[in-house]
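Visitor: Predicted model follows, preceded by the sequence.
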Amino acid sequence: MQQKKIKTFAFLSLVFFIIFSYFYSEYKSFLNLELNIKTPIYFSIEKGDNFETLSKKLKSYHILNNTHYFNFYGRITGYAKKIQAGEYLINPGLRPAELIHIFTSGNVAQHSITLLEGWNIKKMLNALSSNKILKKNLKNYRSESLLNELGIEEVNPEGLFFPDTYYFTRGTSDIELLKRAHQRLMVILHDEWRDRAPNLPYANKYEALIMASIIEKETAVPHERAMIAGVFVRRLENKMRLQTDPTVIYAMGEEYDGNIRKKDLRIDSPYNTYRYFGLPPSPIALVGREAIHAALHPEDGDTFYFVAKKDGTHYFSKTLDEHNRAVRKYQLSGK
């Protein structure tokens, strides 16, 4: 009788060992098997999701075939209680344990949007409104109401946001991003204003920003920014009109077709620096740090004019006669 019990126990133990070995082998194979992810995808864990909910969602996405082994691994490692809500970028080649580590890391996916130097407010708002990830909290995308919605105490929103690539997580709103861009500009403008050259013809930081926006639109050549700033500063100091084309183009708005004609130089707009003295009433574009620095560190010299050459650089002149000759050479002759 005792011997029979021993044989029965041995038999059951063997059966158990075989079954355990089989499932353990399957479990190990599961952990070493790459998940069914063909291309990078974004996957979201909502607040309140538990580990079982997560595994079912993964199976519904056809990422996971066996939820039992997945749940078992989560429980025995303790990771089941450590998953964090958010959106995650999942790449091909991941194994189950690696996927769980991602979900417990809190390293949620980052999206980006780029605001470019030289954009006006309309282009910037169009970029925000067309972004499919940003949460749209602005009541409308008209510049007239923008400052009120953002709580910014200025009259015109033009140029009040720093151009850069901004990274954000899903759920970030357009208002949050614009506040970041505005705050970034204010910090940079403050720093550059603090270290400005002496005796500049600006009453305040805002006027420096206006000048910087004109420089931003006048040239994309880095070494020319301070030279152009020098020309404009000397013209202001000598009570001369700035006579800069980008301000006229800004005043023309949608009517600008790529050409400025003589009649356009007579437009009655405070942005027409061919007609009115001094700076225009606001910036005309988003401004990078380099243009701000140039506006506050103009290059010394005796030039008062410049004209664009075909290669994108400019020829600088001391006198109007020299400037007119340069215009004939570089603009009218096609050189």
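Guide: Arrived safely, thanks for sending.
Visitor: For burial, what's the neighbour tally of residue 206?
Guide: Using other C-beta atoms under 10 Å, residue 206 is surrounded by 18 other residues. For glycine as for every other residue, the C-beta is placed from the backbone atoms N, C-alpha and C.
Visitor: would you say it is within a strand?
Guide: No. Counting by DSSP: H, G, I helix; E, B strand; the rest coil, residue 206 is not found in a strand; it is helix.
Visitor: Now do the same for it: its pLDDT.
Guide: The model reports residue 206 with a pLDDT of 97.
Visitor: In this protein, what residue spans correspond to strands?
Guide: Using DSSP state E, the strands of the chain run over residues 41-45, 86-90, 111-114, 165-168, 305-308, 314-317.
Visitor: Would you mark the buried spots in stretch 175-184?
Guide: For stretch 175-184, a neighbour-count test (16 or more other C-beta atoms under 10 Å) marks 175, 177, 178, 180, 181, 182, 184 as buried.
Visitor: ugh, wrong one, I meant stretch 115-131
Guide: For stretch 115-131, by 16+ other C-beta under 10 Å, it's 115, 117, 118, 119, 120, 121, 124, 125, 128, 131.
Visitor: which one of the residues you listed is nearest residue 316?
Guide: In terms of C-beta to C-beta, no member of the buried residues of stretch 115-131 lies closer to residue 316 than residue 118, at 21.4 Å.
Visitor: What separation do you get for the spatially closest residue to the closest one that is not a sequence neighbour and residue 210?
Guide: Nearest residue to residue 118, sequence neighbours excluded (C-beta to C-beta, 6 or more residues apart in numbering): residue 285, at 4.9 Å. Note on residue 285: its distance to residue 210, by C-beta to C-beta, to the nearest Å, is 10 Å.
Visitor: Now the common contact residues for the two.
Guide: Overlap of the contact sets of residue 285 and residue 210 (by C-beta atoms under 8 Å, 6 or more residues apart in numbering) consists of residue 159.
Visitor: which of those two has more neighbours?
Guide: residue 285 (25 against 22).
Visitor: Do I have it right that that one meets residue 218?
Guide: No. Counting by C-beta atoms under 8 Å, residue 285 does not reach residue 218; the two are 10.4 Å apart.
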